[in-house]
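Student: build me a model:
(chains A and B)
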2 protein chains.
Amino acid sequence: MRIAIDAMGGDYAPDEIIAGAIESFEKLDKDDKIILLGPEALVKDKVGSKNLKKYSSVLEIIDAPEVIGMDESPIEAIRQKKHSSISIMARLSADGLADAVISAGNTGACVAACQLRMRNIEGVNRPGIAVVFPTFEGPVTMCDVGANISCKPINYYQYAVMASMYSKHVLGIANPRVGLMSIGEEENKGSDVIKKARELLKSDKNMNYIGNIEGRDIFKGKCDVAVSDGFVGNVVLKLTEGLVDGLFKIIKHELMQESLLLAMKFKPVMMRLFQKYDYHEYGGAPLLGVNGTAVICHGSSKVRTIRNAVMMSKKFHGQKINDKIREYLATTTVRGTDE
Amino acid sequence: MRIAIDAMGGDYAPDEIIAGAIESFEKLDKDDKIILLGPEALVKDKVGSKNLKKYSSVLEIIDAPEVIGMDESPIEAIRQKKHSSISIMARLSADGLADAVISAGNTGACVAACQLRMRNIEGVNRPGIAVVFPTFEGPVTMCDVGANISCKPINYYQYAVMASMYSKHVLGIANPRVGLMSIGEEENKGSDVIKKARELLKSDKNMNYIGNIEGRDIFKGKCDVAVSDGFVGNVVLKLTEGLVDGLFKIIKHELMQESLLLAMKFKPVMMRLFQKYDYHEYGGAPLLGVNGTAVICHGSSKVRTIRNAVMMSKKFHGQKINDKIREYLATTTVRGTDE
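Tutor: Residues are numbered from 1 along each chain as shown, chains lettered A, B, ... in the order given. Next up, the predicted model:
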């Protein structure tokens, strides 16, 4: 399996990305290859400083002289920077030269490049980004968190199908319970598009659809898959990040007020918590619905994230998730009414 | 000032509601009155068990024999139960017999009854519920969190106006910074309606509009007012509740694993945190934009929430927030384009 990694994407690129790629070497299978994309001289220089003789057959570097910045307008960047690591990465996948692609760069540009080059799986109207929230009750997969901000009913349904496949075959959850993000459990709650999405979800007897869920339910073990449009999902994702940070800041402050000793004793517990429930553990978010394995990592990705993203992409590819999605959508009788 | 309280609303009604009303007595001003609404015999019986002679002139009980359940369909309930505490409460305000109304009951029914009876302030197209998030960086007022799930651009603008008035005159924040909830800071991020709302907000030079905010910014002290539609706001509100609960559960579990002693030492710190950052402290959410002072409390309201809601309604009424909103909207040149 050939895994292409954008060496220039993310706040800590290229050092942390390259180090993460290298750390994954020892967990690769015999025929696996890692392709690093970035300005060749720079990447070679960074790689050259490590002792990699043992892995010389594993690593390939492909020159991508342009870099797309984190704040650039995605569509324009993709149009103008054809030699950027993100553009070349998506082309490698489209041309069958990479089995998986991984980037911690500009999310919008990654989504745009993958959609443009790799095209959608047959039967999928719009791809969606799926993020895994590690909760006390187990991992919850949410889709979409930002690829598609205004959804049609059929998009929600397909997100449910795709995220269920991911939850089942990558996370190992037998019969994932699917909830539709709304503002109340009652059937009459939510916008018109949500109500129509609910009808589609209900009509599929093969799906373990449990009904509407509310914001609080994500962390209460009520569902394994949470379906939303990309706007709501993105707010949920970023709010969660901000709130967890804010809460730990508050706890730290309050503990310091109480006693320095208590604060010090709490620190290792906090570190362990961060480790256990950190979404970096899941190694990034798959872009579900494109022809290929595309993993979008958080801008703050470090060594561990990239290493885990490599492992995740191997599992995604190995489990043939895309074939399963294609087959499911080919046999389902659920069709969108608003297309 | 006459404050009408729905004695039958909320998970802990009527006991906690009535006890909360009574606890507020000693903080009332000379001419203030509390009106309790509910089945007369029941409310009298609950009140009778307290020693209230000193306050006999403060309390009035008005019979409202019907009760709207927490899960009833709001519109139908309001239509059918004209003698419910929520319906009568809204009528009292509309008829000038109450200066403020407070309920911890069915939120949808409260909003519907207040909109129907009290009508909107001149210049306001749609009312919005404003919730205050207590954060480490100070209180953040978010509007709307559930009254209006699909907004037009002008609604966002008016929520910004109204929540700013609340932030300034009730919470005492001099020049509240207003952020528009979106999925990226860049101007080109968000749906079409969000982009149009942004243009309206930007065009008002009297507003301290700081641009788009993301989910994470609410807890980072970036703004004092966060504007969103009722769907996104409601998800934010409930997610925050669920995540805080979930996180404390995780921390507790982890501390117990570490050492029982450490867990015990952490408990009072946690209790103090809950007290400090609990939104019950803010006593409920004002329904901004209706002619009158309407406070909607959380379904889980207890004594403290109701007592604080009474204090908040006094401040809201005393500061003449509605007059300020009316005046602001009468002089602004910002007009909706999609109405």
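
Student: which residue packs closest to the residue in the stretch 1-150 of chain A positioned nearest to chain B, ignoring adjacent ones?
Tutor: Of all residues in the stretch 1-150 of chain A, A:F136 sits closest to chain B, at 4.9 Å by Cβ to the nearest Cβ. Where C-beta positions appear, they are placed from N, C-alpha and C, glycine not excepted. Nearest residue to A:F136, sequence neighbours excluded (Cβ to Cβ, 6 or more residues apart in numbering or on different chains): B:I250, at 4.9 Å.

Student: hang on, isn't that neighbour packed against A:R272?
Tutor: No - using Cβ atoms under 8 Å, B:I250 is not in contact with A:R272; the gap is 10.4 Å.

Student: neighbour-wise, which of these two wins?
Tutor: Set side by side, B:I250 and A:R272 show unequal neighbour counts under other Cβ atoms under 10 Å in any protein chain shown, the larger going to B:I250 at 17 against 13.

Student: any idea which helix or strand comes after the helix or strand harbouring the more buried one?
Tutor: When secondary structure is defined by DSSP states H and E, B:I250 falls within helix B:230-258. In the C-terminal direction, the helix or strand that comes right after helix B:230-258 (DSSP H and E) is helix B:260-277.

Student: following that next one, which helix or strand comes up?
Tutor: Sequence-wise, the next helix or strand downstream of helix B:260-277 (DSSP H and E) is strand B:285-288.

Student: neighbouring strands - and their directions - for that following strand?
Tutor: strand B:128-135 (antiparallel), strand B:293-296 (antiparallel) (DSSP bridges).

Student: the first one versus helix B:260-277: what angle between them?
Tutor: What separates the directions of strand B:128-135 and helix B:260-277 is an angle of 140 degrees, with axes from the mean of the first three to the mean of the last three Cα atoms, to 10 degrees.

Student: okay, angle between the following helix or strand past strand B:128-135 and helix B:230-258 too, please.
Tutor: The helix or strand immediately downstream of strand B:128-135 is strand B:138-143, counting by DSSP H and E. Using the same axes, to 10 degrees, the direction of strand B:138-143 lies 140 degrees away from that of helix B:230-258.

Student: before we move on, the earlier item: and the helix holding B:I250, what does it pack against?
Tutor: helix A:230-258, helix A:260-277, strand B:128-135, strand B:138-143, strand B:178-181, helix B:260-277 (3 or more Cβ pairs under 8 Å, 6 or more residues apart in numbering or on different chains; DSSP states H and E).

Student: going by neighbour count, list what's buried in it.
Tutor: Across helix B:230-258, burial judged by 16 or more other Cβ atoms under 10 Å in any protein chain shown covers B:230-244, B:246-247, B:250-251, B:254-255, B:258.

Student: quick one: which helix or strand includes the residue nearest to A:L288 when sequence neighbours are not counted?
Tutor: Leaving aside its sequence neighbours, A:L288 sits nearest to A:M162 (Cβ to Cβ, 6+ apart; 4.0 Å). Here A:M162, judged by DSSP H and E, is contained in helix A:153-169.

Student: interface residues of the stretch 51-200 of chain A facing chain B?
Tutor: Taking Cβ under 8 Å from any Cβ of the partner chain, the part of the stretch 51-200 of chain A that reaches chain B is made up of A:71, A:73, A:108, A:135-136, A:146, A:149-150, A:181-184, A:186, A:188, A:190-192.

Student: just name the most buried of the strands paired with strand B:285-288.
Tutor: strand B:293-296 (a mean of 28; mean count of other Cβ atoms under 10 Å in any protein chain shown).

Student: by contact count, what packs against the helix holding A:M162?
Tutor: Checked by 3+ Cβ pairs under 8 Å, 6+ apart, helix A:153-169 has strand A:128-135, strand A:138-143, strand A:178-181, helix A:192-203, strand A:225-227, strand A:285-288, helix A:321-331 packed alongside it.

Student: what residues of that helix count as buried?
Tutor: Of the residues in helix A:153-169, those with enough neighbours to count as buried (16+ other Cβ under 10 Å) are A:153-169.

Student: now swap in stretch A:5-24 and tell me
Tutor: Of the residues in stretch A:5-24, those scored as buried under the neighbour-count criterion (16+ other Cβ under 10 Å) are A:5-10, A:12-14, A:16-22, A:24.

Student: and if you look at stretch A:92-107?
Tutor: Applying a neighbour-count criterion of 16+ other Cβ under 10 Å, the buried positions in stretch A:92-107 are A:92-94, A:98-107.

Student: which members of these occur in helices, if any?
Tutor: Among the buried residues of stretch A:92-107, DSSP state H puts A:92-94, A:107 in helices.

Student: which of those has the weakest pLDDT?
Tutor: Per-residue confidence over these reaches its minimum at A:T107, where pLDDT is 93.

Student: from what I can see it touches A:I296, true?
Tutor: Yes - with the criterion set as Cβ under 8 Å, A:T107 and A:I296 qualify as a contacting pair; they are 5.7 Å apart.

Student: identify the contacts common to those two.
Tutor: Common neighbours of A:T107 and A:I296 are listed as A:I129 (criterion: Cβ atoms under 8 Å, 6 or more residues apart in numbering or on different chains).

Student: skipping adjacent residues, who's closest to A:A263 in space?
Tutor: The shortest distance from A:A263 to any residue that is not its chain neighbour, by Cβ to Cβ, 6+ apart, is 4.0 Å, and that residue is A:L255.

Student: quick one, what contacts the one you found?
Tutor: If a contact means Cβ under 8 Å, 6+ apart, then A:L255 has A:262-263, A:266, B:266, B:269 as its contacts.

Student: want to throw these into JSON lines with neighbour count, distance to B:P286 and pLDDT?
Tutor: Formatted as JSON lines, the entries for those read as follows, by neighbours: other Cβ atoms under 10 Å in any protein chain shown; distance: Cβ to Cβ, whole Å; pLDDT from 0 to 100:
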{"residue": "A:L262", "neighbour count": "17", "distance to B:P286": "38", "pLDDT": "85"}
{"residue": "A:A263", "neighbour count": "18", "distance to B:P286": "37", "pLDDT": "87"}
{"residue": "A:F266", "neighbour count": "24", "distance to B:P286": "37", "pLDDT": "85"}
{"residue": "B:F266", "neighbour count": "24", "distance to B:P286": "35", "pLDDT": "85"}
{"residue": "B:V269", "neighbour count": "18", "distance to B:P286": "31", "pLDDT": "85"}
